[in-house]
Each structure stands twice: as C-alpha cells, then as structure tokens.
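Peer 1: give me a 3D structure for the following:
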Amino acid sequence: MKLDTMKGLRRTHYCGEVPNTEQEVIVCGFADRVRDMGNLIFINLRDRTGIVQLAFNDNTDRAIFEKAQLVKSEFVLMAKGQVQKRESVNTKLKTGEIEIIVTDLRILSKAETTPFEVTNSDKVNDELKLKYRYLDLRNPRLQKNMIMRHKIAQVTREYFYDNGFLEIETPMMMKSTPEGARDYLVPSRVHEGKFYALPQSPQIYKQLLMVSGYDRYIQLARCFRDEDLRADRQPEFTQIDLEMSFVDAEDIQECIEGYIRKLFKDVMNVEITTPIPRLTFADSMNRYGSDKPDTRFGFEIQDITDTVKDIDFVVFKTAIEQGGSVRAINVKNGAGVYTRKEIDKLVEHAKGIGAKGLAYIRWADEPNCSFKKFLAESDLERICEATGAEKGDLVLICADKNNVVLSTLGAIRLITAKKLDIIPEGQYNFVWITEMPFFEKDEETGTWVAMHHPFTMPMEECLEYLDTDQGNVRAKAWDLVLNGTELSSGSMRITDFELQQKMFEALGMTDEEIEAKFGFLVDAYRYAAPPHGGMGIGLDRLAMIMCKADSLRDVVAFPKVQNASELMSACPAEVDEKQLEELHIKTVD
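Peer 2: I've put the predicted structure just below:
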C-alpha cells in the first residue's frame with residue numbers, strides 16, 4: 001500500500017471539537033473502529049480530544065471509498081469533508097450528533113495488528129500494556145489523565161507566578177547528602193572514583209536561593225529516590241517545590257491553601273473550603289492511628305484504658321502494666337457485615353501488623369463478647385457506653401504498646417470502612433498535620449535520625465530537650481494530607497549557625513561529617529540568612545487523586561514497575577566495557 005502525504009491539507013479541527021454546524025473541516029487521528037457495511041463505511045477517528053465519525057457512501061468518490069476499505073484499526077488518517085447531522089445520535093460521544101461526509105482521505109501511516117485493542121486496554125494485563133506503553137497511552141482514559149496532569153502543572157505555574165514566585169532550576173547532578181532514602185549515583189568520568197547524586201529533592205539549593213535573596217522560589221522539580229516501590233511511589237517523581245523568605249508557618253500554609261483552592265476550582269470545578277483543618281501529629285496518631293489520616297469517615301480510635309483497667313483479663317492487664325494501653329474502634333453497623341469468619345480475618349491482619357490479636361464485641365441481637373468470661377456484670381455495659389456501641393455495631397479492641405495499638409487500629413479502621421463501603425467518592429478532605437516529631441528512632445541502629453531533614457527548625461519550647469529527651473522534641477514541620485495520602489511535607493528552616501551545629505551534633509554527626517556533607521550550607525549561614533521555610537508537594541500523587549487513579553502509573557507517561565525497571569525500553573541495561581573503563585568502574589558478581 002502506497003502511503004499518502006499531508007500535502008495541500010492542514011488540520012482545521014481536533015476530532016472531539018468538530019462543531020455542530022454544517023461546514024468543511026479537516027481532521028487527523030487514529031482509526032479507532034472501522035465498520036464496513038458494503039455500500040456504507042463508517043470510521044471512528046480518534047485523537048486526544050475525542051472521537052468523530054467519518055462516513056463514506058454511494059456518493060463518495062470511488063477511489064476514496066476503495067481507500068476507506070483498506071483502513072484498519074490504528075491506521076493514521078487525515079480526512080477532509082462536510083459536517084452534517086447524523087441520522088442516529090450517539091449520546092456517548094461529544095460529537096455524537098454529527099458526522100463528516102468524507103471528500104478526501106489520506107492514509108498517512110498503516111498499523112500492524114496491535115497486541116491488544118487500544119481502547120479496551122483496561123482489560124489487558126499490566127506487563128503487556130507496559131511493554132507497549134506507547135500503545136496504551138493512546139487509550140482515552142490515560143490521555144485524559146495526562147491532559148489533567150498538564151492542567152495541574154499549568155495552573156500551578158499560573159498561581160505561583162501571580163503570587164510573586166520566581167521559577168528557578170536547580171542542578172540535576174549534585175553532592176550526595178543524607179535525605180532519608182538511597183541516592184541514585186552518577187559516576188564522574190573526569191574525577192576518578194567520585195560521584196554525583198541525582199537529587200532526592202532540591203532542599204539545600206532552595207535554601208541557598210533564600211540566602212541569595214530570591215525571596216520566593218518555585219520549581220516543578222524532578223526528584224529521584226532509590227527505594228522500594230508501591231502504588232503511590234515511583235523512583236523518579238515530580239515535586240512542586242517552593243521556598244519563601246520572611247514568613248512563618250502560617251504564611252506558607254495560607255499560600256498553599258490559596259493554591260489548592262484555585263487548583264481544584266480551575267481543573268475540576270470543585271470548591272475546597274479553607275482554612276484547611278489542622279491536627280497535631282499526636283492528635284492524628286491518637287484519633288486515627290496514622291500521620292496521614294483519611295478523615296472522610298468516623299471509626300476514630302478511643303482510649304478505653306481507664307474503663308477496663310480493673311477487668312481481670314490478662315491481655316488488658318499485661319498491656320497496661322507494661323506502659324501500653326487498651327484502645328478500640330466502633331465499626332458502626334458492622335455487626336451485620338462482619339461474621340465470626342470475617343472477624344477472624346481481621347485478627348490475622350492485626351497479627352501481621354505486629355499485634356497479638358484483637359478482642360471484639362459484636363452486637364447483633366445481643367452483645368457477643370470474645371472475652372465475656374473475664375467480665376463482671378456491669379463491665380460489658382461500661383465498655384459499650386465508653387465506645388458508643390449500639391445494637392448493630394462491632395467494637396474491635398487492641399491491647400499492647402501504644403505504637404502497636406495505634407498502627408493496628410489505624411489499619412483496621414481503613415479495612416472496615418472499605419468493607420462497609422462508607423468512604424464517600426468525590427469528597428476531598430484536606431488536613432494539615434502539624435507539630436511533627438523532630439527525631440525518630442532507627443529501629444536497626446537504635447540511633448535518633450531526623451524525621452524530615454536536619455535543617456528543620458525545632459519549636460522554641462523544645463530546645464531544652466535536645467540533649468536530654470530527643471523523643472520529645474517537636475519541629476516546626478507539617479504535612480498536607482488528602483484523603484489518607486500524604487501530598488507534601490514542609491517546615492521552617494534553621495538559619496542560626498550555632499543552632500544548626502547543635503542539631504547536627506544531636507544527630508550524632510562529627511565535625512568532620514558536618515563539614516564533608518553540609519559544609520557549604522553551614523558556611524553560607526555565616527553570611528546571614530533571612531527566616532525562611534518551604535514545602536514540596538507531590539505532583540504525581542496530587543494528579544493520581546484528582547484523576548481518581550489507583551496507581552501513579554496511570555498519571556506518569558513512562559512509569560517503572562515494582563523492581564524499578566521499565567518494561568518498554570528494558571532499562572536498566574548493561575553497558576559496554578569501554579564506557580565502564582572511561583568511568584573507572586568495574587562490575588563484580
């Protein structure tokens with residue numbers, strides 16, 4: 001088949017934007033579906049905006065009609081013709097009331113039979129779709145996601161430009177600094193045995209921009225972290241990165257609230273109420289068992305330690321004696337859904353998290369309590385009263401160390417809400433989590449590490465604990481959470497040279513380590529720095545939620561899979577020995 005050219009024709013309209021008026025148009029796209037009915041041929045032509053129907057009939061030039069008979073799915077076409085009303089309206093299409101009576105058809109590129117039907121690729125296994133990602137990206141659902149992601153980026157730039165921010169790029173190759181995950185390293189050809197790191201974030205550079213007097217910085221920054229993947233994590237991601245001078249935490253949060261309000265209104269026509277609610281880290285953990293709570297439903301955790309402290313049940317007694325607690329969630333209307341078999345599954349899940357098990361009260365016709373034989377006459381009534389349990393409810397109780405109890409009930413809370421299908425769709429509950437702990441203990445080494453990064457400002461009232469009670473030090477740091485997903489972290493930064501030194505020392509760093517890793521930043525502070533703080537908002541996660549996608553793969557053009565490889569291009573891949581020699585590298589088995 002001889003292919004045509006575009007010579008003499010130029011597209012006048014996108015397929016999904018052909019007007020509902022009789023006029024001559026020229027459209028381009030992929031053949032989505034071909035129906036040959038003998039004396040009639042219909043071709044659905046698809047581009048990123050939608051589909052329009054091309055029609056060929058007895059009045060069509062014979063050469064054009066015969067060319068239409070050659071068209072198969074995914075051929076690239078250009079068509080010129082007259083718009084007219086359709087006899088049978090297709091209400092599923094934006095252009096369903098019209099069709100184009102074709103007078104000129106160009107076959108610009110032909111396609112072999114594709115490994116799967118492009119517009120039906122949602123039913124195809126992930127590995128095949130990712131191998132042929134360029135085909136899957138033709139799927140209207142993915143194209144809609146990519147367009148929304150573009151709109152998010154567009155509105156983001158508009159908002160921050162309008163609010164006095166400067167977009168400044170920071171290096172993609174930088175010095176390796178500890179940021180919480182493993183770095184991706186880039187060997188230097190010129191400097192033998194030395195490496196650049198790809199940025200986990202532009203953290204140090206954006207602080208230096210504040211030292212340099214740029215006042216308000218914004219960047220849609222590419223970031224890289226060598227860590228285990230999951231549905232909302234990719235090894236490379238985009239961060240809406242910002243920093244502001246001469247502000248406090250409330251100023252930054254207020255600026256972001258304005259951004260969120262504009263973003264959801266402009267992109268989705270959804271009104272977001274501000275100010276966004278605030279929860280301290282401690283309150284969030286105690287009420288939801290998580291520092292990224294989904295607040296769209298109840299089932300909040302309740303501390304019933306005082307209520308059950310005198311009950312002669314060894315599980316409760318042991319937990320309390322060892323400094324732990326007894327806590328519960330009331331799964332409203334859960335008794336009808338959770339049979340004994342289903343409750344046993346919850347118990348196994350709790351054990352998988354680290355708990356020893358779950359006790360329960362299932363109130364169907366009468367309260368059925370798993371530890372009833374240990375209760376005095378009024379104990380069950382007091383527990384039901386403390387948890388607000390009524391007929392039809394299921395009370396789940398965990399007794400252990402506080403961190404085990406909270407993480408267990410936090411997870412069980414989400415599982416039961418999904419099982420009961422009570423999480424409202426189309427509702428966007430933002431929440432600020434404030435007063436984050438400055439330090440967290442590394443379970444493997446037993447040492448204290450920075451929960452955010454070592455440049456975070458501690459709260460003034462916590463400075464006295466730096467040397468004596470590191471677990472009690474709270475930071476001027478916050479997270480923005482949406483429907484149970486952490487979107488961003490932010491903090492005020494340390495700008496006092498002596499305090500920064502003290503924080504490094506509290507993290508167990510020697511003077512030599514401080515100089516080697518952060519010397520240039522510490523030196524910069526010697527020349528004065530304005531008070532400043534900032535945030536990094538995950539654009540990919542934001543897009544995932546706004547697109548109602550299940551995974552970041554659905555909002556990233558060319559994603560990686562679980563083992564951080566890309567199936568389409570088969571990377572990472574081996575390189576030849578000459579390249580390794582130039583980089584002074586040898587590989588070993």
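
Peer 1: output the contacting helices and strands for whatever helix or strand Phe237 lives in.
Peer 2: Phe237 belongs to strand 236-245 when assigned by DSSP states H and E. Helices and strands touching strand 236-245, by 3 or more Cβ pairs under 8 Å, 6 or more residues apart in numbering; DSSP states H and E, are helix 203-211, strand 216-224, helix 249-268, strand 532-538, helix 539-546. For every residue, glycine as well, the C-beta is placed using N, CA and C.

Peer 1: elements contacting the third one?
Peer 2: Meaning helix 249-268. Here helix 249-268 is seen to pack against helix 140-162, strand 236-245, strand 430-434, strand 477-482, strand 485-492, strand 532-538, helix 539-546 when contacts are counted using 3+ Cβ pairs under 8 Å, 6+ apart.

Peer 1: pipe the ones you listed into CSV and attach mean neighbour count and distance to Glu300 per row.
Peer 2: As requested, these are exported to CSV (neighbours: other Cβ atoms under 10 Å; distance: least, Cβ to Cβ, whole Å):
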stretch, mean neighbour count, distance to Glu300
helix 140-162, 17, 32
strand 236-245, 23, 31
strand 430-434, 21, 13
strand 477-482, 24, 15
strand 485-492, 21, 19
strand 532-538, 23, 26
helix 539-546, 22, 22
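
Peer 1: so which of the ones you listed is nearest Thr170?
Peer 2: Comparing the helices and strands packed on helix 249-268 by their distance to Thr170 (Cβ to Cβ), the top pick is strand 236-245, with 8.3 Å.

Peer 1: partners of the closest one, with directions?
Peer 2: Within its sheet, strand 236-245 is paired with strand 216-224 (antiparallel), strand 532-538 (antiparallel), according to DSSP bridges.

Peer 1: how about those strands in CSV, adding distance to Lys332?
Peer 2: Below are the strands paired with strand 236-245 laid out as CSV (distance: least, Cβ to Cβ, whole Å):
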stretch, distance to Lys332
strand 216-224, 41
strand 532-538, 32
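
Peer 1: just put those strands in CSV and tack on distance to Asn429 and mean pLDDT.
Peer 2: Shown next, in CSV, are these (distance: least, Cβ to Cβ, whole Å; pLDDT from 0 to 100):
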stretch, distance to Asn429, mean pLDDT
strand 216-224, 25, 97
strand 532-538, 17, 96
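
Peer 1: pull out the buried positions in stretch 266-279.
Peer 2: Within stretch 266-279, the residues that qualify as buried are 267-268, 272, 276, 279, counting by 16 or more other Cβ atoms under 10 Å.

Peer 1: gap between the two ends of that stretch?
Peer 2: The first residue of stretch 266-279 is 27 Å away from its last residue (Cα to Cα, to the nearest Å).

Peer 1: now do the contacts for Glu271.
Peer 2: Contact analysis of Glu271 by Cβ atoms under 8 Å, 6 or more residues apart in numbering lists 261, 264-265.

Peer 1: which of these lies closest to Phe299?
Peer 2: Phe299 lies nearest to Phe264 out of the contacts of Glu271, by Cβ to Cβ, at 26.0 Å.

Peer 1: follow-up on the earlier one: which residues does the strand holding Phe237 contact?
Peer 2: Applying Cβ under 8 Å, 6+ apart, the external contacts of strand 236-245 come out as 156, 160, 165, 201-202, 206-207, 209-210, 214-225, 251-252, 255, 488, 530-540, 542, 552, 560.

Peer 1: got it, and stretch 142-149?
Peer 2: Stretch 142-149 is contacted by residues 48, 136-137, 267, 539, 543, 546-547, 549, 554-555, 557 when judged by Cβ under 8 Å, 6+ apart.

Peer 1: go again with 7 Å.
Peer 2: Applying Cβ atoms under 7 Å, 6 or more residues apart in numbering, the contact partners of stretch 142-149 are 48, 136, 267, 543, 546-547, 549, 554-555, 557.

Peer 1: hang on, the earlier thing: and Ile101, which of the helices and strands packed on strand 236-245 is closest to it?
Peer 2: Ile101 sits nearest to helix 249-268 of all those, at 36.5 Å, using Cβ to Cβ.

Peer 1: continuing past the closest one, what's the next helix or strand?
Peer 2: Reading on from helix 249-268 to the C-terminus, the next helix or strand found by DSSP H and E is strand 278-280.

Peer 1: what packs against that next one?
Peer 2: The criterion is 3 or more Cβ pairs under 7 Å, 6 or more residues apart in numbering; DSSP states H and E, and the helices and strands that strand 278-280 contacts are strand 430-434.

Peer 1: tally of neighbours for the residue nearest to Leu583 when sequence neighbours are not counted?
Peer 2: Spatially, and ignoring its direct neighbours in sequence, Leu583 is nearest to Pro187 (4.3 Å; Cβ to Cβ, 6 or more residues apart in numbering). A count of nearby residues for Pro187, using other Cβ atoms under 10 Å, gives 16.

Peer 1: quick check, Pro187 in contact with Gly193.
Peer 2: No: using Cβ atoms under 7 Å, Pro187 is not in contact with Gly193, being 8.5 Å away.

Peer 1: what's stretch 525-536 in contact with?
Peer 2: Around stretch 525-536, the neighbours that count as contacts under Cβ under 7 Å, 6+ apart are 201, 206-207, 210-211, 239-247, 249, 252, 256, 488-493, 495, 497, 500.

Peer 1: first-to-last residue distance for it?
Peer 2: Start-to-end span of stretch 525-536 (Cα to Cα) is 22 Å.

Peer 1: what of stretch 195-205?
Peer 2: This stretch, stretch 195-205, spans 18 Å end to end (Cα to Cα).

Peer 1: stretch 176-194 now?
Peer 2: Using Cα to Cα, the end-to-end distance of stretch 176-194 comes out at 11 Å.

Peer 1: tell me, how many residues neighbour Asp469?
Peer 2: Burial measure for Asp469: 11 neighbouring residues, criterion other Cβ under 10 Å.

Peer 1: among the contacts of stretch 142-149, the buried ones, what's the PyMOL command?
Peer 2: Here is the PyMOL command that selects the buried residues among these (16+ other Cβ under 10 Å):
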select buried, resi 136+267+543+546+547+549+554+555
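
Peer 1: which pair in the contacts of stretch 142-149 spans the largest distance?
Peer 2: When Cβ to Cβ is used, the two most widely separated members of the contacts of stretch 142-149 are Asp136 and Val267, lying 23.4 Å apart.

Peer 1: which among the contacts of Glu271 gets closest to Pro115?
Peer 2: When the contacts of Glu271 are compared for distance to Pro115 (Cβ to Cβ), Phe264 comes out closest, at 37.5 Å.

Peer 1: so where is the stretch 101-250 of the chain shaky, pLDDT-wise?
Peer 2: Using pLDDT under 70 as the threshold, the predicted model of the stretch 101-250 of the chain has low-confidence ranges 178-180.

Peer 1: and stretch 90-97, how far apart are its ends?
Peer 2: One end of stretch 90-97 sits 6 Å from the other (Cα to Cα).

Peer 1: same question but for stretch 460-471, I mixed them up
Peer 2: End residues of stretch 460-471 are separated by 15 Å (Cα to Cα).

Peer 1: got the contact list for it?
Peer 2: Among residues not part of stretch 460-471, those counted as contacts by Cβ under 7 Å, 6+ apart are 439, 448, 472-474, 502, 506.

Peer 1: isn't Leu487 right up against Leu539?
Peer 2: No: no contact is recorded between Leu487 and Leu539 when judged using Cβ under 7 Å, the distance being 9.3 Å.

Peer 1: quick one, strands of the stretch 51-200 of the chain?
Peer 2: Using DSSP state E, counting those that start in this stretch, the strands assigned to the stretch 51-200 of the chain run over residues 76-85, 98-109, 166-167, 185-187, 195-197.

Peer 1: how about a markdown table for these, with distance to Met285 added?
Peer 2: Output for these, formatted as a markdown table (distance: least, Cβ to Cβ, whole Å):
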| stretch | distance to Met285 |
| --- | --- |
| strand 76-85 | 55 |
| strand 98-109 | 57 |
| strand 166-167 | 37 |
| strand 185-187 | 35 |
| strand 195-197 | 33 |
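
Peer 1: figure out which of those is closest to Asp365.
Peer 2: Proximity to Asp365 (Cβ to Cβ) singles out strand 98-109 among the strands of the stretch 51-200 of the chain, at 61.7 Å.
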